[in-house]
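*Asks:* Show me how the following folds:
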Amino acid sequence: MEKNNINYTHWFFDLDNTLYSANTGIFDQIHKKMGEFISSNLEISLEKAKFLQKKYFVENGTTLHGLMINHKINPKKFLNYVHDIDFSIVKPDKELNDLIKRIKGKKIIFTNADISYVKKILSNIDLDNVFDDIFDIERMNYLPKPNLETYKNLVSTYKFDTTKAILFDDIPQNLLPAADLGLKTVQVYNKKLDKELNGRSKKIDYMTNNLKGWLKKWMKKN
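*Replies:* Residues are numbered from 1 along each chain as shown. Coordinates of the predicted model:
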């Protein structure tokens, strides 16, 4: 990591697989519930449902967005069902939490999840009341990352200088629109991510396997 003297005014963090490990098992639960929902509501086999689930995620940013476009699925009905899971398996990481609390500037969750889900996760990882705001899928009008309009909406909402802002996300495609708008970008590598979505781009400023390590290095140099 090169010397970087930027005092970022805004720090944007994805939630899932960024602020907690992809190995928790949360998404195993959610993926199972998604398959059940699609199979039941579209009256198709679970095998076909799983195919659509992945196809829509890869093509539309979220499975939900694909279902809304192609099948007029009610988003709240979908989110309420797939997020009815055991959140207790997500545990806090005190070292990471302490680093995040030390960050100066606005700290904002930027996620394709909904506010109810976000609050449950933050509670379980002991990050309640640490972030200044949550920019969730409802505030995006259900237009998920990586849609460029959503990033423009983000900039408009918080009225920040994009050259003094930074975004952390595990999905490379979700970082590219931010890079195009001038934000610094950090890819938190997720080996469990679908191979169609994983990879590397020269537009992304940093890649790390360890968010804690990245933050420690940045703070040491700044």
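
*Asks:* Which helix or which strand is home to the closest residue to residue 148 other than its chain neighbours?
*Replies:* The shortest distance from residue 148 to any non-neighbouring residue, by Cβ to Cβ, 6 or more residues apart in numbering, is to residue 177 (4.7 Å). In this view, the C-beta of every residue, glycine as well, is placed from N, C-alpha and C. Residue 177 belongs to helix 172-180 when assigned by DSSP states H and E.

*Asks:* distance of the residue lying farthest from the centre of the chain from residue 49?
*Replies:* Most distant residue from the mean C-alpha position of the chain: residue 43, 29.7 Å away (Cα atoms, centre = their mean). Going from residue 43 to residue 49 by Cβ to Cβ, to the nearest Å gives 10 Å.

*Asks:* Equivalent analysis for residue 167, please.
*Replies:* 32 Å.

*Asks:* When those two are compared, which one has more neighbours?
*Replies:* Taking neighbours as other Cβ atoms under 10 Å, residue 167 and residue 49 compare with residue 167 leading, 29 against 19.

*Asks:* which residues sit against the host helix or strand of that one?
*Replies:* Assigned by DSSP H and E, residue 167 falls within strand 165-169. For strand 165-169, the external contacting residues (Cβ atoms under 8 Å, 6 or more residues apart in numbering) are 8-14, 18, 110, 145, 175, 178, 183-188, 211.

*Asks:* If any of those residues are buried, give me the ChimeraX selection for them.
*Replies:* Restricted to buried positions by 16 or more other Cβ atoms under 10 Å, the ChimeraX selection for the contacts of strand 165-169 reads:
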select :8,10,11,12,13,14,18,110,145,175,178,183,184,185,186,187,188,211
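
*Asks:* Just the contacts of strand 165-169: which are in strands?
*Replies:* 10-13, 110, 184-188 (DSSP state E).

*Asks:* Including distance to residue 138, could those go into a markdown table?
*Replies:* Formatted as a markdown table, the ones in strands among the contacts of strand 165-169 follow (distance: Cβ to Cβ, whole Å):
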| residue | distance to residue 138 |
| --- | --- |
| 10 | 20 |
| 11 | 22 |
| 12 | 17 |
| 13 | 18 |
| 110 | 13 |
| 184 | 27 |
| 185 | 24 |
| 186 | 25 |
| 187 | 26 |
| 188 | 24 |
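
*Asks:* check contacts around residue 142.
*Replies:* With Cβ under 8 Å, 6+ apart, residue 142 has these contacts: 64-65, 68, 75.

*Asks:* switch the cut-off to 7 Å
*Replies:* 65, 68, 75 (Cβ atoms under 7 Å, 6 or more residues apart in numbering).

*Asks:* Name the member of these with the most neighbours.
*Replies:* Busiest of these [other Cβ under 10 Å] is residue 65, holding 22 neighbours.

*Asks:* Test my guess that that residue contacts residue 146.
*Replies:* No: applying Cβ atoms under 7 Å as the test, residue 65 and residue 146 come out as separate, 10.9 Å apart.

*Asks:* Check the burial of residue 133 by counting its neighbours.
*Replies:* Neighbouring residues of residue 133 were enumerated by other Cβ under 10 Å; the total is 15.
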